[in-house]
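J.: Take this sequence and fold it.
(2 chains)
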Amino acid sequence: MIDFRLGEASDALRRDLRAFLAEHMTRQIEEQVYRTGVSHDAGFTAAQVEGGWLAPGWPVELGGQGLDPIEMLTVAEELGLADAPTYGTGTTLMVATVIRAVGTEQQQTEIIPKALAGEIIIVLGFSEPEAGSDVAAATTRAVRDGDQWVIDGQKMFTTNAQIGDYVFLLTRTNPDLAKHKGLTMFLVPMDQPGIEIQAVYTLSGERTNIVYYSGVRVDDAWRIGGVDEGWATMTVALTAEHGAGFASSIARLLAATESWAREATGEDGTPRLDDPEVRQALGQTAIDLEVSRLLQRRVAWMAETDLPMSTEGPMSKLFSSEAIKERAQQMVELVGPDALRSYFDPTAPSHGVIEHLLRYSVGTTIYAGTSEIHRNMIAQRGLGLPRTR
Amino acid sequence: MDLRPSDEQQLLIDSFAALYAKESSPERVRAAEPSGFDPRLWEQLVAQGSLAMAVDEEHDGWGATPLDLALVAQQHGRAIGSAPLIETQVAARLLARAGGTEADAVLRGALDGDRLVAVALRTPTGGVAELVPAGAVATDVLVLRDQQLVVVPTGDDRVIPENVGCMPLADLPVPTSGGTVLSEGPAAARLLDAALDDWLVLTAAALSGIAQRSVEIGVAYAAERQAFGQKIGSFQAVGHRLADCATRAAGADLLAREAAWSATEDPDRSPELAAMAFAFAATAARDASDWSLHFHGGYGFMLEYDIQLYYRRARAWANVVMSPAAAARRVADRRYGPVAS
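T.: Numbers count the residues shown, from 1 in each chain, chains lettered A, B, ... in the order given. Next up is the predicted model:
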């Protein structure tokens, strides 16, 4: 029976989480995250653990709240609306999910409790200088040496490497096999010689890193999944990202522009909100927000209902990232010269959120699979078109 | 949350899909041009309850929800049916809402098949209700005249313009007196506004069907047609556009269903969602039919290929009342209230 309500449990969660965020997600944390470019705050994470909001989707016996995918989406929507610093814990929990699915008992015992207690940060080492969207082209080598492996190579965009305890690393263990077949994944402790971290600053303000590995050693016990079976492990990890969507960011963009439109006045002294051009642009943004929400909620509903998914995830990511990019540009043009005033500059309208979202939006169509990768998936898997190149 | 139709809803979808498959093939759509009215399809739709379902039980209808109507309208759009399904449903719901002896009598006539009632959603200009959907085949039209909602019989003075969508439209002179007054003042304006919301949400559903079917037609062609020694669907310039169109068609489908659902389940948001659904579906249908036609190359431009049927209706069914931009401004009116004049 068609019903678009998320349900009473989600409504209650939303209320609880808003109260939690009102207390713990301060403007000071928001500004600190932006100034440092680090989407992680130990104090906020501790409060999340304390309040049960770090990993509420995990089973109760493992320290979660046992929330279902729809309830988890509700949590994600609210954390996104508050722009809470969850990137570091997000990658950590994603890897914990992979370890729970394919890891050894020892790995699970060692990692999962700490991850759920917010005591460790796990970062991702997938992309390389010559392997971005084509991530399976990775060339970082891992060579066996007794009970250990020796790693040499270079990874791009390892966000939070500077505070990471482990890196979830995609390596090539057999260069003689086909591209997807000679890969193996490891959980490598970051606190050891041979790892060099170089900061990379990005357009959105986020700090990420290049990480160099030379002669880095990891015990075979930290191999996640089978030797040369890294792509299967990667698939588990990438599937976890498939619910991605940017509805919450579009909601922030809309709210910031609405607030500007109510406060700013035109040359004739009337509120900008009375201008048909402004109204039309806000209406269009509200529409894209609604569609983004629906596409993302559909993914959560399918996960909850155990329906086989085809390209619902890619559609959610593709639409909402392209939408926020287009609408952020439109909002900047709508606001005019004042939109140039920077995020957190005291003179900026709506604290400069619009300016920041303009820069932020640019990355959304690139990371976690570019729009082109997602269009390929939709064309091939969803529409059944021949393989595109 | 649940996105699956109930068993009853699925039955409804299947039964109308079967009806359209039989009575609204592309050949039949072509045969009904340029008038845009296929009497046999119309007869079958009414026989299957298309009008009765739109009316509440109090008025001897079946009392289907707007969501049920939207699920049928999606099938109507997929098959680009040549019959005034949505127009007559909107008129019937307006009559039921208006209430009173006169309105009930007109509604009774419509349900009995004695009358075909249409609505002029735009205010007449210069005494003429222009391009009234279904006006060419209606016996009566509901129209706002001097702040009164009146039902007037259509006469021989109506002008039936040929149009790009082969819709049964008419320019209807509105007599300065006569007809039956159903409501007046703000109440009349509210009735017409509610009818416009109904029309927006059901047309959104139909347009989402057009968008979906246009993508299917384009995909089928791109998976067959070869150029430069390859299927053209293997070119990213083609596949990526179709992926975008499919994504937007999926969004249009979800939003149309949500808007229709909200009419009974979330009435506070319903008018806003109706305008949203319409704006989004109109754009999705417009773009999907355009790209799909384009990927047919020169064949798409030939009347012999079906995609042009969709291309023309995607535009006509939407623009006959409102552009997507105007619908976006209507969204703003619903969110922020109208601009004080």
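J.: tally of neighbours for residue A:325?
T.: Look at residue A:325: counted by other C-beta atoms under 10 Å in any protein chain shown, it has 20 neighbours. Placement of C-beta: from N, CA and C, glycine included.
J.: quick one: buried residues of the strand or helix carrying it?
T.: With secondary structure defined by DSSP states H and E, residue A:325 is part of helix A:312-335. Buried positions in helix A:312-335, judged by neighbour count with 16 or more other C-beta atoms under 10 Å in any protein chain shown: A:312-325, A:327-328, A:330-332, A:334-335.
J.: for that helix, packing partners?
T.: helix A:247-263, helix A:276-305, helix A:353-364, helix A:371-377, helix B:236-265 (3 or more C-beta pairs under 8 Å, 6 or more residues apart in numbering or on different chains; DSSP states H and E).
J.: Just the buried residues of the second one, please?
T.: If I follow you right, that is helix A:276-305. A:278-304.
J.: Redo the helices and strands packed on helix A:312-335 as CSV? Include distance to residue B:340.
T.: Below are the helices and strands packed on helix A:312-335 laid out as CSV (distance: least, C-beta to C-beta, whole Å):
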stretch, distance to residue B:340
helix A:247-263, 14
helix A:276-305, 13
helix A:353-364, 26
helix A:371-377, 42
helix B:236-265, 27
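J.: now for those helices, which one comes closest to residue B:66?
T.: Taking C-beta to C-beta, helix B:236-265 is the member of the helices and strands packed on helix A:312-335 nearest to residue B:66, at 3.9 Å.
J.: average pLDDT across the closest one?
T.: Taken as a whole, helix B:236-265 has an average pLDDT of 98.
J.: so which of the helices and strands packed on helix A:312-335 gets nearest residue B:226?
T.: Evaluated over the helices and strands packed on helix A:312-335, closeness to residue B:226 peaks at helix B:236-265, with 12.2 Å, by C-beta to C-beta.
J.: Quick one: name whatever helix or strand follows the closest one.
T.: For helix B:236-265, the following helix or strand on the C-terminal side (DSSP H and E) is helix B:270-295.
J.: close to chain A, is that following helix?
T.: Yes. Judged by C-beta under 8 Å from any C-beta of the partner chain, helix B:270-295 and chain A are in contact via B:272-273, B:275-276, B:279-280.
J.: packing partners for that helix?
T.: helix A:276-305, helix B:186-222, helix B:236-265, helix B:307-319, helix B:324-336.
J.: Indicate which one of the helices and strands packed on helix A:312-335 is closest to residue B:85.
T.: Comparing the helices and strands packed on helix A:312-335 under C-beta to C-beta, the one sitting nearest is helix B:236-265, at 14.4 Å.
J.: before we move on, the earlier item: what's the angle from the helix holding residue A:325 to helix A:276-305?
T.: Interaxial angle, helix A:312-335 versus helix A:276-305 (axes from the mean of the first three to the mean of the last three C-alpha atoms, to 10 degrees): 160 degrees.
J.: Is residue A:39 in contact with residue A:89, as I believe?
T.: No. Residue A:39 is beyond contact range of residue A:89, at 9.3 Å (criterion: C-beta atoms under 8 Å).
J.: In terms of neighbours, single out the busier of these two.
T.: The neighbour comparison of residue A:39 against residue A:89 (other C-beta under 10 Å) goes to residue A:89, with 28 against 21.
J.: So which elements touch the host helix or strand of that one?
T.: Assessed by DSSP H and E, residue A:89 sits inside helix A:87-102. Contacts defined by 3+ C-beta pairs under 8 Å, 6+ apart place helix A:87-102 against helix A:42-51, helix A:105-116, strand A:122-125, strand A:166-172, strand A:223-224, helix A:230-240.
J.: Minimum distance to residue B:339: which of the ones you listed has it?
T.: Nearest of the helices and strands packed on helix A:87-102 to residue B:339, taken as C-beta to C-beta: helix A:42-51 at 41.7 Å.
J.: Following the closest one in sequence, what is the next regular element?
T.: Past helix A:42-51, the next helix or strand by DSSP H and E is helix A:69-81.
J.: what's the angle between that next one and helix A:276-305?
T.: Interaxial angle, helix A:69-81 versus helix A:276-305 (the same axes, to 10 degrees): 140 degrees.
J.: Pull the distance from helix A:69-81 to the chain's centre.
T.: How far helix A:69-81 lies from its chain's middle: 13 Å, per C-alpha atoms, centre = their mean, to the nearest Å.
J.: so which pair among the residues of helix B:270-295 next to chain A is furthest apart in space?
T.: So, those by C-beta to C-beta: farthest apart are B:272 and B:280, at 12.5 Å.
J.: near chain A, which residues of the stretch 1-150 of chain B show up?
T.: Counting by C-beta under 8 Å from any C-beta, the stretch 1-150 of chain B sits next to chain A at B:1-6, B:9, B:67.
J.: if we can go back for a sec, got a markdown table for the helices and strands packed on helix B:270-295, with distance to residue A:342 too?
T.: Shown next, in a markdown table, are these (distance: least, C-beta to C-beta, whole Å):
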| stretch | distance to residue A:342 |
| --- | --- |
| helix A:276-305 | 21 |
| helix B:186-222 | 40 |
| helix B:236-265 | 33 |
| helix B:307-319 | 41 |
| helix B:324-336 | 28 |
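J.: quick one: which of those is nearest residue B:79?
T.: helix B:186-222 (7.8 Å).
J.: The very next helix or strand once past that closest one vs chain A: in contact?
T.: Per DSSP H and E, the first helix or strand lying C-terminal to helix B:186-222 is strand B:226-227. No. For strand B:226-227, no contact with chain A is found by C-beta under 8 Å from any C-beta; the gap never falls below 10.5 Å.
J.: give me the number of residues near the residue of the stretch 51-200 of chain B found nearest chain A?
T.: Residue of the stretch 51-200 of chain B nearest chain A, by C-beta to the nearest C-beta: residue B:67 (6.2 Å). Residue crowding around residue B:67 was assessed by other C-beta under 10 Å; the count is 26.
J.: Can you tell me the element it falls in?
T.: Following DSSP H and E, one finds residue B:67 within helix B:66-78.
J.: State the mean pLDDT of that helix.
T.: 98.
J.: With stretch A:307-315 instead?
T.: 93.
J.: Quick one: end-to-end distance for it.
T.: In stretch A:307-315, first residue to last residue: 16 Å (C-alpha to C-alpha, to the nearest Å).
J.: Could you grab the helix/strand/coil label for residue B:36?
T.: Of the three states, residue B:36 takes coil under DSSP: H, G, I helix; E, B strand; the rest coil.
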